[in-house]
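**Q** got a predicted model here, sequence first, then my questions.
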Amino acid sequence: SFSAGGFICHNTGTLVATIDHLVSERGYSPGQIMTCSFTRAASAELENRIETQAGISGVVVGTTHHMARDIINRNRPNLAAAVRNTKGADKCFKIAMKQVEINVAGYQQTLAANKEVLERIEGIPGWRSIDILRSFHEQVSKGRTLSEKQLAVLPKFENRGGWGSSRRYPHRWASSEPIAEQPTLSLESRWKQGLSDSESGEDADEPRGISKYWTTPIGEWFNLGKPLVDEKGGKISFKRAQLAVENFKNSRVSVEQARQQFGDTPVVAVYGAYEWLKKNDPVYAPAMDYTDQLITALEIVETDPQALAAEQSRYKVILVDEAQDLNSVQFAMFNLIGAKADILGYIGDDRQSIYQFRGAKPQNYVALTKDPAFQTKTMTYNFRSGKTIVDAGNRLIAHNEDRQIPMTCQAREEKGEGAVKAKTPLTHEEGANLVAQEIKDAVDAGESPKDFGILVRNNAESDAFTLALIVRGIPYRTLKKDQGGYFGKPLVKALTAWI
């Protein structure tokens, strides 16, 4: 079974009604039905509506990752610790990005140079009571290097024999309280202990200790000793690197295959370091991220006939919502698990796929229309909008020549008023000023600001509309979750306070 929904059709309501029919009319028990939605919030809403509207409890409802974790825990209990440790995987990725920028030779050179700096600082009498020297000592002990400007400060203290011998700056760098003498660890000992998360700019509460690999090179091929930049010289951010690695894994491209195809580039090196750390880091391993969970679950049912048979016998009905946003791994997993089910249903809309940048493959969903094993049902009745809006939507979508599941939506005649006007401003600001001026003209003519609503796509547009309304003196309120809207932003608050 396969359903394709038109824009803003009632997919969740259809799922609830379908489950109600299967239980009350077809005789399925709730525990034989599994339904998946894309997010935790959507799954929670679906489960609540099944219980409150249909009066049915016991249906298995969750996300695709939830289902994957269940498969792993049932069939590979030895991997339970890794499955739970998604935070550890996140730490491993941050360390992996650091590993690419260091290598053994550079580490040894930095170690030698910083050892010399530490000896210079410790050779200054009373250095522990001098704030700036104590700060330098702490930085260098953590494996960081001082800038030329910072190094230029040291001779001023070395020539004076410490702060106490300087008449010009007798207490400039002095601490207000005496500092107790502490044993000084060697630089290499400090580095081998590794950095705490707070020392390396990370936020974590792992109780097991600190990974030495925050600063110490692993000594593998991925220690390139090069900055994380792309071919154009732009810095590769954490999110960008993470997305690239995720897409490698969603496409089931191994580290070795990535190296053969792209060479030892910074992103491929991050991928290699990340996979190594998740298995070998003494603090954060073993660990899995959410993509690992999906791939592991798929590999279990692909390679273990006994596990596959057990999973296939578990459910008689499998319903997957938002199927246009499934990636190839998720799609393959559901196809395998549902191969012997009475009903395997995919619900979605091929033109609402918004996660292709993260590996979603709507073409897999569309291909079901040509599969004789699947029956296609289209949902074309729009319950939320009037005919004027729905007809305008139909005309707009008709221009999408690549739409592969064509359909025309319908709506009630009496719902919705007025005509749809389309304008094409070039910028957020131009569009905001145009709309705000129309609202002002209407308000000046006697209409209420409460009669108008503005729907924006992102925060940049929201700020533009907010300012356009403010300069025209139009009262407004935002429905954003963050506090205070535009003028609630820390930078704006600081500037307005200063003004």
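**A** That came in fine, so what should we check first?
**Q** Three-state assignment for residue 34, please.
**A** At residue 34 the chain is in strand, as set by DSSP: H, G, I helix; E, B strand; the rest coil.
**Q** okay, and the beta partners of it?
**A** Per DSSP bridges, the residues bridged to residue 34 are residue 60, residue 318.
**Q** burial count for it?
**A** For residue 34, the neighbour count with other C-beta atoms under 10 Å is 22. C-beta coordinates here come from the backbone N, C-alpha and C atoms, glycine included.
**Q** residues in contact with it?
**A** 59, 60, 61, 67, 314, 315, 317, 318, 319 (C-beta atoms under 8 Å, 6 or more residues apart in numbering).
**Q** dump the residues you listed into TSV; add distance to residue 398 as well.
**A** Formatted as TSV, the contacts of residue 34 follow (distance: C-beta to C-beta, whole Å):
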residue	distance to residue 398
59	38
60	39
61	36
67	37
314	43
315	39
317	35
318	33
319	30
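**Q** tell me the one of those nearest residue 35?
**A** residue 319 (4.2 Å; C-beta to C-beta).
**Q** in stretch 379-396, which residues are buried?
**A** 379, 380, 382, 385, 386, 387, 388, 389, 390, 391, 393, 394 (16 or more other C-beta atoms under 10 Å).
**Q** dump the residues you listed to JSON lines, plus secondary structure, pLDDT and distance to residue 260.
**A** Output for these, formatted as JSON lines (DSSP: H, G, I helix; E, B strand; the rest coil; pLDDT from 0 to 100; distance: C-beta to C-beta, whole Å):
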{"residue": "379", "secondary structure": "strand", "pLDDT": "83", "distance to residue 260": "45"}
{"residue": "380", "secondary structure": "coil", "pLDDT": "84", "distance to residue 260": "47"}
{"residue": "382", "secondary structure": "coil", "pLDDT": "82", "distance to residue 260": "49"}
{"residue": "385", "secondary structure": "coil", "pLDDT": "81", "distance to residue 260": "51"}
{"residue": "386", "secondary structure": "coil", "pLDDT": "83", "distance to residue 260": "56"}
{"residue": "387", "secondary structure": "helix", "pLDDT": "85", "distance to residue 260": "56"}
{"residue": "388", "secondary structure": "helix", "pLDDT": "85", "distance to residue 260": "56"}
{"residue": "389", "secondary structure": "helix", "pLDDT": "85", "distance to residue 260": "52"}
{"residue": "390", "secondary structure": "helix", "pLDDT": "87", "distance to residue 260": "51"}
{"residue": "391", "secondary structure": "helix", "pLDDT": "87", "distance to residue 260": "53"}
{"residue": "393", "secondary structure": "helix", "pLDDT": "85", "distance to residue 260": "46"}
{"residue": "394", "secondary structure": "helix", "pLDDT": "86", "distance to residue 260": "48"}
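**Q** that older thread, now, which of the contacts of residue 34 sits nearest residue 247?
**A** When the contacts of residue 34 are compared for distance to residue 247 (C-beta to C-beta), residue 67 comes out closest, at 21.6 Å.
**Q** contacts only, for that closest one.
**A** Taking C-beta under 8 Å, 6+ apart, one finds 34, 36, 297, 333 in contact with residue 67.
**Q** most neighbours, which of the residues you listed?
**A** Greatest neighbour count in these, by other C-beta under 10 Å, goes to residue 297: 30 neighbours.
**Q** confirm it sits in a helix?
**A** Yes. Counting by three-state DSSP, residue 297 is part of a helix.
**Q** I figured it was touching residue 72, is that so?
**A** Yes. Here residue 297 reaches residue 72: they are 5.6 Å apart, a contact under C-beta atoms under 8 Å.
**Q** farthest-separated two in the buried residues of stretch 379-396?
**A** Counting by C-beta to C-beta, the most remote pair of those is 379 and 388, 20.5 Å apart.
**Q** helices along the stretch 351-499 of the chain, start to end?
**A** With helices called from DSSP state H, counting those that start in this stretch, the stretch 351-499 of the chain shows them at 362-366, 387-397, 428-444, 459-471, 490-498.
**Q** spatially central residue in this structure, please.
**A** The chain has residue 239 as the residue nearest its centroid, 7.5 Å off, counting by C-alpha atoms, centre = their mean.
**Q** the strand or helix carrying that residue packs against which elements?
**A** Taking DSSP states H and E as the criterion, residue 239 maps to helix 238-250. Helices and strands touching helix 238-250, by 3 or more C-beta pairs under 8 Å, 6 or more residues apart in numbering; DSSP states H and E, are helix 86-100, helix 266-280, helix 290-303.
**Q** so what touches it?
**A** 93-94, 97, 228, 258, 266-267, 270-271, 274, 291-292, 295, 327-329, 357-359.
**Q** go through that helix and flag the buried ones.
**A** 241, 242, 244, 245, 246, 248, 249, 250.
**Q** which among those residues gets closest to residue 411?
**A** Nearest member of the buried residues of helix 238-250 to residue 411, counting by C-beta to C-beta, is residue 250, at 37.1 Å.
**Q** what about the closest residue to the closest one other than its chain neighbours, neighbour count?
**A** In this structure, residue 250 finds its nearest non-sequential neighbour in residue 359, 3.5 Å apart by C-beta to C-beta, 6 or more residues apart in numbering. Residue 359: 20 surrounding residues under other C-beta under 10 Å.
**Q** now the angle from the helix or strand residue 65 falls within to helix 86-100?
**A** For residue 65, the element it lies in under DSSP H and E is helix 64-75. With axes from the mean of the first three to the mean of the last three C-alpha atoms, to 10 degrees as the basis, helix 64-75 and helix 86-100 are set at 100 degrees to each other.
**Q** which is the next helix or strand following helix 64-75?
**A** Next element after helix 64-75 (DSSP H and E): helix 80-84.
**Q** quick one: contacts for the closest residue in space to residue 465 that isn't next to it in sequence?
**A** Distance criterion C-beta to C-beta, 6+ apart; nearest residue to residue 465, sequence neighbours excluded, is residue 432 at 4.4 Å. By C-beta under 8 Å, 6+ apart, the contact list for residue 432 reads 461, 464, 465, 467, 468.
**Q** any idea how far residue 432 lies from residue 245?
**A** For residue 432, the distance to residue 245 equals 38 Å [C-beta to C-beta, to the nearest Å].
**Q** just to revisit the earlier point, want to throw the buried residues of helix 238-250 into a markdown table with pLDDT?
**A** Shown next, in a markdown table, are the buried residues of helix 238-250 (pLDDT from 0 to 100):
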| residue | pLDDT |
| --- | --- |
| 241 | 94 |
| 242 | 94 |
| 244 | 94 |
| 245 | 96 |
| 246 | 94 |
| 248 | 94 |
| 249 | 94 |
| 250 | 91 |
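**Q** confidence-wise, which helix or strand of the protein is lowest on average?
**A** Across the helices and strands of the chain, mean confidence by mean pLDDT, DSSP states H and E is lowest for helix 187-193: a mean of 41.
**Q** may I ask which of the contacts of residue 34 has the most neighbours?
**A** Within the contacts of residue 34, most neighbours by other C-beta under 10 Å means residue 319, with 29 neighbours.
**Q** pLDDT weak spots in the stretch 201-350 of the chain?
**A** 201-209 (pLDDT under 70).
**Q** what ranges do the helices span in the stretch 101-250 of the chain?
**A** Counting by DSSP H, counting those that start in this stretch, the helices of the stretch 101-250 of the chain are 104-122, 131-141, 148-151, 154-160, 187-193, 238-250.
**Q** in CSV, list those helices along with distance to residue 348.
**A** Listed next are those as CSV, based on distance: least, C-beta to C-beta, whole Å:
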stretch, distance to residue 348
helix 104-122, 50
helix 131-141, 53
helix 148-151, 57
helix 154-160, 65
helix 187-193, 51
helix 238-250, 18
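**Q** for residue 62, give me its contacts.
**A** 36, 37, 43, 70.
**Q** so where does it fall, helix or strand?
**A** Using DSSP H and E, the element containing residue 62 is strand 60-63.
**Q** now that strand: mean pLDDT?
**A** Mean pLDDT, strand 60-63: 94.
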